[in-house]
Each structure stands twice: as C-alpha cells, then as structure tokens.
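Asker: Attaching a predicted model along with its sequence, questions to come.
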Amino acid sequence: MELKHYFPRKRWMYISVFLLCSVAGIAGAEAANRYWIGSRTGSTQYENTINWSATQNGAGGVSIPGADDITIFTYNLSGSALTTVQLRSNRSVSGIILNQVWTGSLLLGTGSITVGTGGVRMGSGRIIGGTGSLAIAGVFTQTGGIVRTGNNPMTISGSVAITGSMAKFTSTGTIVLDGTTQVLNTGNRPLTNLTIQSTTSTTLASDQSVTGTLQVATGATLALSSYTMYATGTTIINYGTITEGTGRIEHSASNVLITDASYAENNSLVVGDVYLTVTDSDENINGTTQDTIAVTVTLSNGDSETVTLTETNKTSGIFRGSIPATSSIDYVASDGYLEVTGTSTMTLSYTDAQDGETATDTGTFTITSSASSSSSSTAAGAGGGRRGSGGGSAVAATAKLATPSTSVQGTVSAPVTSPVPQLTPKQAQLRRQERLQSAKEMKARAAARAELRRSRMKK
C-alpha cells in the first residue's frame with residue numbers, strides 16, 4: 001500500500017522538503033580538502049579565494065579553508081613549490097598539512113590560526129610566527145621544515161613528535177601543553193619556556209632542554225620517564241607534580257649555607273642551634289605539599305649527623321632546618337647533636353638524591369673560655385643540583401664557638417667568660433644514652449617522611 005494513502009498531500013510535501021534540506025545540511029557539514037595553489041594575479045594572501053582549490057593543482061576560486069576543512073600546502077598554480085602565504089586574520093581549520101615537497105612559507109603575521117583535532121603534519125616548508133598565535137587541538141608532527149614561533153604562546157593539546165635531522169624548531173615564546181595525556185618528543189630541541197597544563201600527564205619521550213622557565217600547573221603532572229630535563233639556570237615553578245622515574249632534572253642549587261637564626265649567612269656561631277639552608281628548586285617535586293631533603297653535617301673530630309630540611313612552603317624550593325651544637329669532652333655520632341670537643345672544622349654537605357651532585361659549606365668552631373669575634377666569606381664552588389649542572393656555591397666560614405650566652409634573633413650578647421664546665425664520665429655516659437635515643441626517634445621520623453614521599457611519587 002502506498003505511503004501517500006496515509007498522509008495528506010501537504011504533509012507529504014513538507015516531509016519531502018525537510019528530508020531534502022537535511023541531506024543538503026549533512027553534505028555541507030562534511031570536511032573538505034583545500035589546496036593552496038598560488039594566484040594567477042600573484043597574490044600571496046591567505047584570505048584570497050583565488051589561491052584555493054578543491055583539488056591539487058586544480059582551478060582556484062573555491063572558498064577559503066573553514067573550521068571543518070583540511071588545509072594542504074603542496075604546489076602553487078605554476079607547479080613551483082616555492083611560494084609565500086601571508087595570514088592577516090584569525091582563522092580556524094580542522095587540520096594543516098605541509099607535504100615534503102612544499103618549500104614555501106606560511107607567515108602568521110598579524111593573524112592567528114586555531115587548528116582542530118586534525119592537527120599539524122609537517123614534512124617541509126616553514127611556519128613563521130608573527131604577532132598572532134597558533135593553537136592546535138590535535139597532534140603536532142614534524143619530520144622536516146622549519147618552525148619559528150613568535151613571542152605569543154603556541155598551545156598544543158595533542159602529543160608532540162619532532163623527529164629527523166631535517167626538522168628545525170625554534171621557540172622564543174612559550175609552548176603550552178594543555179591536553180589530557182600527552183607525550184613530548186622534540187629530540188632535545190631547546191625550548192625557551194615550557195608550561196605543562198595537561199589534566200592527566202605529559203611524559204617525556206626524549207631528553208628536553210628548557211632555557212627560560214619550566215612551569216607545571218596545578219593538577220598537572222610532568223613525568224620524566226627515563227629522560228633528562230636540562231634546566232641549568234632555568235626558573236622552575238611547580239604547582240603540580242614532577243615524577244622523576246629513572247630520569248632526572250639537571251639544575252644548579254643556588255645556595256647551600258650555614259646561617260644564623262634568620263637564615264642569613266652566619267657571622268657568629270654560639271653554642272646552641274646551628275641553622276642550615278639549601279635553595280634547589282628542582283627538589284620541589286610535589287607542588288601540593290612541602291618536600292624534604294637530607295643534608296649531612298660533619299666535624300673534623302669525627303662527629304657526623306644527618307639533618308632533614310623542610311621546604312618553607314609548597315612551591316618555594318627553599319629548604320631549612322637546624323641542629324643543636326654543644327661543647328663536650330666526647331661525642332656520639334648520629335645522636336642528633338653536634339658535639340664540639342675543641343677546635344674543629346664543620347662541613348655542611350648537600351647531595352642531590354637523584355643524580356649525586358654535591359655542594360658544601362664549611363666553618364671552624366673553637367671552644368674558648370671567653371668570647372671571640374668571627375667572620376665568614378663566600379667562595380664559588382662546584383656542584384649543586386642535578387648531574388652535570390655545575391655551578392652551585394660553597395661558603396668558607398671561620399667562627400669562634402663561645403660558651404652559652406643569651407641571644408635575640410641572631411644578635412649575640414656579651415658572653416659568659418667563666419670556663420667551660422666539664423662533665424664527669426657518668427654524666428657524659430647518661431648524656432650519650434639520651435642523645436642516642438633522641439637520634440633513633442629522629443631517624444624513625446625521617447624514614448617515615450621519606451616513605452611518604454616515595455608513595456606520593458608512585459601515585
């Protein structure tokens with residue numbers, strides 16, 4: 001039985017028109033290829049329709065690429081691969097392809113391009129940044145050609161793969177990775193600034209150099225895997241998480257110092273707490289909590305103590321702590337106290353747990369029965385930070401350790417001039433037992449903190 005028996009004539013006509021419009025709409029929404037062919041009139045303007053064809057080397061005059069179109073750069077109209085394309089407006093396309101035989105240049109100029117999930121595939125040619133920006137929702141793949149970004153950010157939401165000796169990539173602005181799970185492989189082509197905003201993680205698939213600023217945003221994770229992030233002299237800002245794996249960050253510690261109570265380089269040391277500070281921004285591994293590092297303090301008389309320094313806030317990369325110093329006729333190593341038995345050289349040593357680079361600060365303590373002046377000087381030294389980073393600082397401090405005296409905020413009052421009291425053997429034994437117990441408790445707390453940090457890094 002025919003359908004028209006069930007529908008009035010006018011209703012059938014409306015349905016027919018609706019179906020035809022729907023089919024036309026679907027066809028119009030399909031993505032199309034747009035080929036750059038050059039211009040009969042010599043125009044290099046991206047916005048000129050005469051420069052675009054629906055087929056490779058076909059006739060120009062079709063619409064310029066839209067948000068659903070793949071933009072393809074191959075030959076211009078004369079068959080030559082050499083041409084310049086100038087963009088002067090903001091445009092959106094589905095994807096961009098610069099094939100391996102196109103040697104022209106896409107000049108962004110004052111225009112910006114937003115590329116959809118089709119991404120960018122580049123085998124030759126040039127993309128030259130201007131005052132506009134380039135945002136890519138898909139993958140960026142480059143096996144040849146030259147990219148020079150401008151000062152504005154280049155934002156990529158997919159993975160990045162820049163491979164092959166013919167691929168040149170120069171970034172003077174900021175590369176922003178803002179996708180979900182991304183992989184970064186530039187073959188260690190240097191980036192000026194790199195910002196990780198991936199909602200899940202960005203994982204290195206090659207070594208990477210950053211010369212300006214490396215930033216990990218809140219909620220983001222940078223996973224080094226087995227690769228090295230070269231960041232010597234780089235500003236590192238971590239609000240998220242850096243997972244080192246078997247990789248490492250090469251970065252110089254800027255300060256390793258014995259200080260006074262205000263954490264300024266010490267000019268005077270007295271019996272009491274000795275303050276220590278290390279500045280090493282790559283040890284800010286977890287930007288959501290205060291990290292810790294371990295340093296070693298040794299005396300030339302044989303005493304050696306491990307001190308845990310705690311980051312001043314969640315993201316500072318500045319670690320501080322202290323250890324008490326006492327005068328004694330004997331010492332017990334690893335009891336949580338520096339026991340000075342006479343003139344003795346004190347050495348503060350910091351070793352980066354990941355790559356073994358070290359930095360030191362030294363001072364000389366002298367037990368006297370009266371006050372003595374002291375001085376300190378700073379000298380450059382090797383080490384500090386990540387492996388191969390070099391730099392760092394070493395402080396040579398000479399100090400007289402006086403007997404106990406009252407002090408306020410690091411200002412030492414007139415010391416007591418009476419002789420230093422000596423402990424009886426029994427008193428010394430009791431003190432050693434008390435300090436050993438205290439040292440065991442301190443080690444247990446340090447081990448618990450280290451285990452907590454390892455568990456957080458695994459997550």
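Answerer: Everything's here; your move.

Asker: make it CA atoms for all contacts and neighbour counts henceforth
Answerer: Will do.

Asker: residue contacts, I70?
Answerer: A31, A32, N33, R34, V93, S94, G95, I96, I97, G118 (CA atoms under 8 Å, 6 or more residues apart in numbering).

Asker: Mind picking the two most distant members of the residues you listed?
Answerer: Farthest pair in the contacts of I70 (CA to CA) is A31 and I97. Separation: 14.5 Å.

Asker: So between the two, which is more surrounded?
Answerer: I97 (20 against 15; other CA atoms under 10 Å).

Asker: What's opposite that one in the beta bridge?
Answerer: Under the criterion DSSP bridges, I97 forms beta bridges with I72, R121.

Asker: Helices of the chain, start to end?
Answerer: Secondary structure of the chain (DSSP state H): helices at 9-29, 425-458.

Asker: what does the domain assignment say about this protein?
Answerer: 1-29, 30-250, 255-458 (automatic domain parsing).

Asker: Tabulate these (JSON lines), appending mean pLDDT.
Answerer: Below are the domains of the chain laid out as JSON lines (pLDDT from 0 to 100):
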{"stretch": "domain 1-29", "mean pLDDT": "45"}
{"stretch": "domain 30-250", "mean pLDDT": "93"}
{"stretch": "domain 255-458", "mean pLDDT": "70"}
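
Asker: Would you format the contacts of I70 as a markdown table with distance to R126 included?
Answerer: Formatted as a markdown table, the contacts of I70 follow (distance: CA to CA, whole Å):
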| residue | distance to R126 |
| --- | --- |
| A31 | 25 |
| A32 | 23 |
| N33 | 20 |
| R34 | 18 |
| V93 | 18 |
| S94 | 19 |
| G95 | 16 |
| I96 | 12 |
| I97 | 11 |
| G118 | 19 |
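
Asker: out of those residues, which are inside strands?
Answerer: In strands, defined here by DSSP state E, the members of the contacts of I70 are N33, R34, V93, S94, G95, I96, I97, G118.

Asker: Most neighbours out of those residues, which is it?
Answerer: Busiest of those [other CA under 10 Å] is G95, holding 26 neighbours.

Asker: Skipping adjacent residues, who's closest to it in space?
Answerer: Leaving aside its chain neighbours, G95 sits nearest to G118 (4.2 Å; criterion: CA to CA, 6 or more residues apart in numbering).

Asker: so that neighbour sits right up against T141, yeah?
Answerer: No. Applying CA atoms under 8 Å, one finds G118 not in contact with T141, separated by 11.0 Å.

Asker: about what we covered before: and which of the contacts of I70 is nearest F319?
Answerer: G118 (45.8 Å).

Asker: measure that closest one to G150 for me?
Answerer: Computed as CA to CA, to the nearest Å, the G118 to G150 distance reads 22 Å.

Asker: what's the most buried one of the domains of the chain?
Answerer: domain 30-250 (a mean of 20; mean count of other CA atoms under 10 Å).

Asker: Relative to the whole chain's centre, how far out is that one?
Answerer: With CA atoms, centre = their mean, to the nearest Å as the basis, the distance from the averaged C-alpha position of domain 30-250 to the chain average is 21 Å.

Asker: Likewise for stretch 255-263?
Answerer: In terms of CA atoms, centre = their mean, the centre of stretch 255-263 is set 26 Å apart from its chain centre.

Asker: just stretch 278-289 next, same as before
Answerer: With CA atoms, centre = their mean, you get 11 Å for stretch 278-289.

Asker: That stretch: end-to-end distance?
Answerer: Stretch 278-289: ends 17 Å apart by CA to CA.

Asker: Equivalent analysis for stretch 57-73, please.
Answerer: 11 Å.

Asker: picking that back up, quick one: contacts for the residue nearest to G95?
Answerer: G118 neighbours (CA under 8 Å, 6+ apart): I70, S94, G95, I96, A137, G138, V139.

Asker: same check, this time on Q86
Answerer: Q86 neighbours (CA under 8 Å, 6+ apart): T44, Q45, Y46, L106, L107, L108, G109.

Asker: Let me see the contact set for the residue nearest to G302 when sequence neighbours are not counted.
Answerer: Setting aside the residues directly before and after it, G302 is nearest to A333 in space (CA to CA, 6+ apart), at 7.5 Å. By CA under 8 Å, 6+ apart, the residues touching A333 are G302, D303, S304, E305.

Asker: out of those residues, who's nearest T288?
Answerer: E305 (29.0 Å).

Asker: For I97, see how far away the residue lying closest to that closest one once chain neighbours are set aside is.
Answerer: Nearest residue to E305, sequence neighbours excluded (CA to CA, 6+ apart): S334, at 4.8 Å. As judged by CA to CA, S334 and I97 stand 64 Å apart.

Asker: now G272
Answerer: The value you get for G272 to I97, if CA to CA is used, is 69 Å.

Asker: got it, and G119?
Answerer: 8 Å.

Asker: same deal with Y35?
Answerer: 10 Å.

Asker: list residues touching both of the two?
Answerer: Residues touching both Y35 and I97 (CA under 8 Å, 6+ apart) are T71, I72, F73.

Asker: Out of the residues you listed, which comes closest to T289?
Answerer: T71 (46.1 Å).

Asker: Now for the nearest residue to R91 once chain neighbours are set aside: which residues touch it?
Answerer: Excluding the flanking residues, the one nearest R91 by CA to CA, 6+ apart is I113, at 4.9 Å. Each residue near I113 by CA under 8 Å, 6+ apart is listed here: N90, R91, S92, V93, G132, S133, L134, A135.
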